[in-house]
Each structure stands twice: as C-alpha cells, then as structure tokens.
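>>> Have a look at this fold, sequence not included:
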C-alpha cells in the first residue's frame, strides 16, 4: 500500500481547473519528484494534500485514510510536513524558536504549567530544545540557532523550513522548490541532505523543483503535470526523453521559457 | 527546594512592596499616590493587552469593555461578599483582604468569560475582524451598564453603603497584582505557548502547517488578556467610591493601545513603560483634556514616522543583561 495516494483529485478556482483528475501513489521511503512548467498546478497539489485547499473531487489517502478536507493542523499532526515555495519562516523569531514551534507533541505541559514554570514544563522545554538542536545540526544550521531567522541568507532559510517541518516527526515531507535561491554548491548539499532524511530518518519525500540537476539527481520517480493534468510518470531517464514532457517544457510550435519565474 | 526558593522570593517581594507602600504613603501627597496607583493599573492593562495585540498580533480596540466587566463584577461581588465574610472573620484587615481578592478574581473570571464569548466567533477568522468586534463590544458593554438598573444605570454602581464602595485599593494590592500578572504573562510569553502565539502573528498559514491549534490558542490568549483587564478594572473600581459607565468609554481603549504602541508592540517591558507613560502624561495633559485624542493621534503619527517599532520594539529590557549568549561551536560545518 502506498503511503500517500491521490485518486482523481480535482481542484477548481472559479473558472480555472487548476488540478484535473490527478492520481498518483507514493511508496513509503520514496523520493518522489513532482515537476511541470510554471502554473502547472504543482503547488496547488501541495496545498490540496496539506489541507490549505479542499479538493472538489477525488480522494487523498495518507496511510490508507482519506485526509481530503481536513484542517492543515490536523494533517500536519498526522505526519505530513511541508515547506513553502515563498518561504514562510517566522521572521522575528530565532532559528531555534522557529523549529521549536512545531514541537507541540513534545510539549505536553499546560498553559497554567507554563505560567507557573513547573518542573514538568521545564523538562518538556529541555527535551524540545534538545530535539530542535539535533535537527538544526542535521541541516547544518546549529551554529545559527540563536540568530534571528529573518536575517539568514535565502538558502539557510529554506533549510530552516525543512528543519522546522522535521520537528513534527513526520512520515511524509513535502518540499516546495527547496533549491530555489540556492547556488550550485548549496544545491549539491541539499541533495545529500534529502537523501540523508530518507536513508537515516526513514522519511518519504515529495519534491517540487525547477532545478533539474536536483530533480534528476535525487528523485527515483518523477510525476509530470501540465495545465493541471498528468502527462507522464517514470524514472528520471524515462522522463528526460519523454516526448510529452519535452513538448510541455520546450513547446511544440512556439517556444516557452521554463526558467521565467 | 524549588518551592522553598519560590516562596522565599515571593515573600520578600511582597515585603518590599509593603515597605514601599509605607514609604509612598508617608512621602507623597494623595494626588501623587493616585497617579502611582493608576500607573500600576495601567501596567496591568498594557501587559495584558500586549499579549493579544503585540505577541499574537490580533488587534483588540475594545479592552475598556473587559475592564468595565471586571470593575462592575468585582464591585458587585465585593459588596455581596462583605456581610458573609465579615460575619465569618469579623471586621479588620484580613476580612477586607479576603473580600477584595475574591472580588478581583470574580471580576477577572467575568471578564475572561466575556473574552471567550467575544473571541470564539471572531478569532476563527484571520484578519481584522477582531478589531471591529471588540470595538462594538466595548460600546455595547458600556451601554448595557448604562441601562442596568441593579448596577445604578448611568449614575454608576456605588454598592449598598451610602458612602460608596470601600476603598480597598492601595499601593500594596495594586503592585502585588501588577507583579503577579507581569510574571505570569512573562512566563506565558516565553514558553512554547508564547512561541506558538508569536508564530501566529508572524505567519498564520505556516503556524497551521506546523500543527499549531491556531484558533484555540488565539481564543485562550484573548480570554487571558481580557481577564487581566478585569483585574485592572476591579482595582480601579475600588480606588474610587463607585464605578460609572463613562469611566470605560472608547477613549480608554485607545489609551491602552497607545500604551503598547509607545512601548513597542510585543515587548512586555515596553508595555510597562508605556503604561507608566500614559498615566503620567494624562495627568500632565489634564488641562488639555478635550484635546487628548488629538494629542495622542499626533503622538502616534510622530512615533510611526520616527520610531515605528515603538520605544523597545519587540525587545525586552532584562534580556540585554540576562540572555545568555550561546557558545560558538568550533569549526564551520556549513558548506555554503
């Protein structure tokens, strides 16, 4: 059984059919790429999976249970973490605090316990800080733990989003253009970090990415969408030479520029 | 050990406050004492309002309403408790202290419950709905008290005694409560809950994606904020002979907003400074009473131009001295 399975998902905004009948399954432990030209519906799919949008039709099964239409917080609690295309870190908070925000399940102390600073509260707080530090270490951000998050360079902010997502102890991690704004060396490090997350932490990763060097290098299966519809799925080498994919990216008659934002 | 240390600290703080009370009552005129008490009450209001307006980023402009609920609630409960408690404990300071603090807690409870009722529908949504709803609430509450005959309608509530409400409020109680509330709100702000509230302010969508129960936290913070305004209201009520609806006009909500904006939205020490600033400046501007809103508007415009983050921004005074600098790890691990 797939960890995540989309069955004929539709998302319609007014007259725009942003996602049309998309179905795919992501096996546990996979690194799964979701690509397509700009406006193809990749981020909309992420938003549908994480509960930001409710799909008009179709099912989204996570561990066999339909999560379509659940609130984002509930889906996150069930083990789906994500990052955002246009970075959404908590800018005025420190790097460590950003990560700790996602640690509710480690912090059982009540609000009254927090106000009175009970022993139980202190214990939870320490456990949380320790876990946050471990995750920052994995993403190479440990040294920046007490920096204000908004002051970090772009690439570090993206990795901070990943660390924050990991704090949920997720099974599935959705990365929305994690390599955007990274230089080629940072992107290579990112590749290693994504593999580390899968190999060492047992995560399943879905990746939306425009940087083909990253996608082709790290993904085992790639799913291609265009105008909200599936046009291909396969291994990186299959996708590279797939005629429909080439047509979608390069255009058949008039050239389209996939690099434009 | 922890409990022993805490009790010792609490006892010495109360002792210091008591000592200061003796000094203040001997050394200052009634007029100055009144300003000091108002400053303490303002600090409670500002620190409480800052939790919701500053830390959580949800704008309330009707906190005078919660203060009114607390004031009337405490006054009413205090009057009703007076006879049974005096029967049980006899006359004297102990009985008065029991009545007063129970009355204050009752006022806080009423105000907190009104906070829940106001917050539950309006905080489910993102955006500025809270501002509109609290603005309406503040006015509705005042008009309700204006017409509640068992609470004296427009004349105000003065209790059953012809001499008015007992003047329980003094330096000790104001600053004991101020200390308690500042410590509790400080601990809350710098806790996991406080981090979640700040995260809601910074980016509610991201906070939700990180499994933060945003609505529940916003409503809880709002109710706590309303309850602190209720305590301030109870202290205010027992400073004078009675509570009148016109004590809780829209201008008072604006005063509170000015306190936290002057001090710096999101900073507890800023809220404390802002509360004191407004108490003092209101006295200095007494002769210009009718121009007060104009002057405040001017002040806000100047702050927005010169220092939009307020006196302290989101910083805290004590963190300058106390916040530990983390040890730098040896050797670079970052590849970029």
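That came through fine. Computed from a predicted structure; not experimentally measured. Residues are numbered from 1 along each chain as shown, chains lettered A, B, ... in the order given.
>>> which parts of the stretch 1-150 of chain B sit against chain A?
residue B:2 (Cβ under 8 Å from any Cβ of the partner chain). C-beta coordinates here come from the backbone N, C-alpha and C atoms, glycine included.
>>> Which single residue of the stretch 1-150 of chain B ends up nearest chain A?
Among the residues of the stretch 1-150 of chain B, residue B:2 lies closest to chain A, at 7.0 Å counting by Cβ to the nearest Cβ.
>>> show me what contacts that residue?
residue A:119 (Cβ atoms under 8 Å, 6 or more residues apart in numbering or on different chains).
>>> and if you look at residue B:210?
Counting by Cβ under 8 Å, 6+ apart, residue B:210 touches A:76, A:81, A:101, A:102, A:164, A:165, A:167, A:168, B:199.
>>> Against which helices or strands is the helix or strand where residue B:44 lies packed?
Using DSSP states H and E, residue B:44 maps to helix B:30-50. Judged by 3 or more Cβ pairs under 8 Å, 6 or more residues apart in numbering or on different chains; DSSP states H and E, helix B:30-50 is in contact with helix B:2-27, helix B:63-89, helix B:171-189, helix B:214-237, helix B:250-263, helix B:268-284.
>>> Out of these, which one sits most buried?
Burial of the helices and strands packed on helix B:30-50 is given as mean neighbour count (mean count of other Cβ atoms under 10 Å in any protein chain shown); helix B:214-237 ranks first at a mean of 27.
>>> how about that helix, does it get close to chain A?
Yes. Against chain A, helix B:214-237 shows contacts by Cβ under 8 Å from any Cβ at B:214, B:220, B:224.
>>> isn't residue A:128 right up against residue B:191?
No. Using Cβ atoms under 8 Å, residue A:128 is not in contact with residue B:191; the gap is 10.5 Å.
>>> What does the pLDDT read for residue 122?
With no chain named, the answer covers chain A. Note on residue A:122: pLDDT of 91.
>>> The intended chain is chain B.
Per-residue pLDDT puts residue B:122 at 88.
>>> Enumerate every residue touching the nearest residue to it once chain neighbours are set aside.
Spatial nearest neighbour of residue B:122, excluding adjacent residues (Cβ to Cβ, 6 or more residues apart in numbering or on different chains): residue B:133 at 4.0 Å. By Cβ under 8 Å, 6+ apart, the contact list for residue B:133 reads B:62, B:118, B:121, B:122.
>>> which stretches of chain A aren't confidently modelled?
Within chain A, the ranges that satisfy pLDDT under 70 run A:252-261.
>>> Show me the helices in it, by range?
A:42-49, A:72-77, A:95-101, A:111-116, A:119-138, A:154-166, A:184-201, A:212-218, A:236-240, A:243-250 (DSSP state H).
>>> which outside residues touch the last one?
Helix A:243-250 has contacts (Cβ under 8 Å, 6+ apart) with A:36, A:37, A:40, A:224, A:226, A:231, A:232, A:239, A:256, A:258.
>>> ok, now the fourth one?
Counting by Cβ under 8 Å, 6+ apart, helix A:111-116 makes contact with A:120, A:121, B:184, B:185, B:187, B:188, B:191, B:192, B:193, B:194, B:220, B:224, all of which sit outside it.
>>> Distance of the first one relative to chain B?
In this case it means residue A:120. Distance of residue A:120 to chain B, given as Cβ to the nearest Cβ, to the nearest Å: 12 Å.
>>> Surely that residue and residue A:126 touch.
No. Residue A:120 sits out of contact with residue A:126 when judged by Cβ under 8 Å, with a separation of 11.0 Å.
>>> Looking at the contacts of helix A:111-116, spot the one nearest residue B:151.
Residue B:151 lies nearest to residue B:224 out of these, by Cβ to Cβ, at 25.3 Å.
>>> Contacts only, for the residue nearest to the closest one when sequence neighbours are not counted.
Sequence neighbours aside, residue B:51 is the residue nearest to residue B:224 in space, at 6.4 Å (criterion: Cβ to Cβ, 6+ apart). Applying Cβ under 8 Å, 6+ apart, one finds that residue B:51 lies in contact with B:185, B:188, B:189, B:197, B:221, B:224, B:225, B:228.
>>> and the residue nearest to the third one when sequence neighbours are not counted, what pLDDT?
Nearest non-adjacent residue to residue B:189, counting by Cβ to Cβ, 6+ apart: residue B:55, 5.6 Å away. Predicted confidence (pLDDT) at residue B:55: the value is 94.
>>> next one: the one 10 residues further on
According to the predicted model, the pLDDT of residue B:65 comes to 97.
>>> Please apply the same query to residue B:224.
On pLDDT, residue B:224 comes in at 97.
>>> from memory residue A:5 sits against residue A:27, does it?
No. With contact defined as Cβ under 8 Å, residue A:5 does not count as touching residue A:27 (9.8 Å).
>>> Which one of those two is surrounded by more residues?
Higher neighbour count among residue A:5 and residue A:27: residue A:5, with 18 against 14, using other Cβ atoms under 10 Å in any protein chain shown.
>>> beta partners for the more buried one?
residue A:25, residue A:61 (DSSP bridges).
>>> Can you tell me the closest non-neighbouring residue to the residue most central in space within chain B?
What sits nearest the mean C-alpha location of chain B, by Cα atoms, centre = their mean, is residue B:45, with 2.2 Å. What sits nearest to residue B:45 in space, not counting adjacent residues and going by Cβ to Cβ, 6+ apart, is residue B:232, at 4.7 Å.
>>> What distance do you get for residue B:235 to residue B:163?
19 Å (Cβ to Cβ, to the nearest Å).
>>> in stretch B:117-128, what's buried?
Of all the residues in stretch B:117-128, those buried under the rule 16 or more other Cβ atoms under 10 Å in any protein chain shown are B:118, B:119, B:122, B:123.
>>> Can you give the distance from that stretch to the centre of its chain?
Put simply, stretch B:117-128 sits 20 Å off its chain's centre (Cα atoms, centre = their mean, to the nearest Å).
>>> which other residues reach it?
For stretch B:117-128, the external contacting residues (Cβ under 8 Å, 6+ apart) are B:58-59, B:129-130, B:132-134, B:137, B:204, B:215, B:218-219, B:222-223, B:226.
>>> of all those, which comes closest to residue A:89?
Closest to residue A:89, out of all of these and judged by Cβ to Cβ, is residue B:204, at 13.3 Å.
>>> Turn the contacts of residue B:210 into CSV, including distance to residue B:257 and neighbour count.
Output for these, formatted as CSV (distance: Cβ to Cβ, whole Å; neighbours: other Cβ atoms under 10 Å in any protein chain shown):
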residue, distance to residue B:257, neighbour count
A:76, 34, 25
A:81, 37, 26
A:101, 27, 27
A:102, 32, 30
A:164, 32, 32
A:165, 36, 27
A:167, 35, 25
A:168, 36, 22
B:199, 23, 28
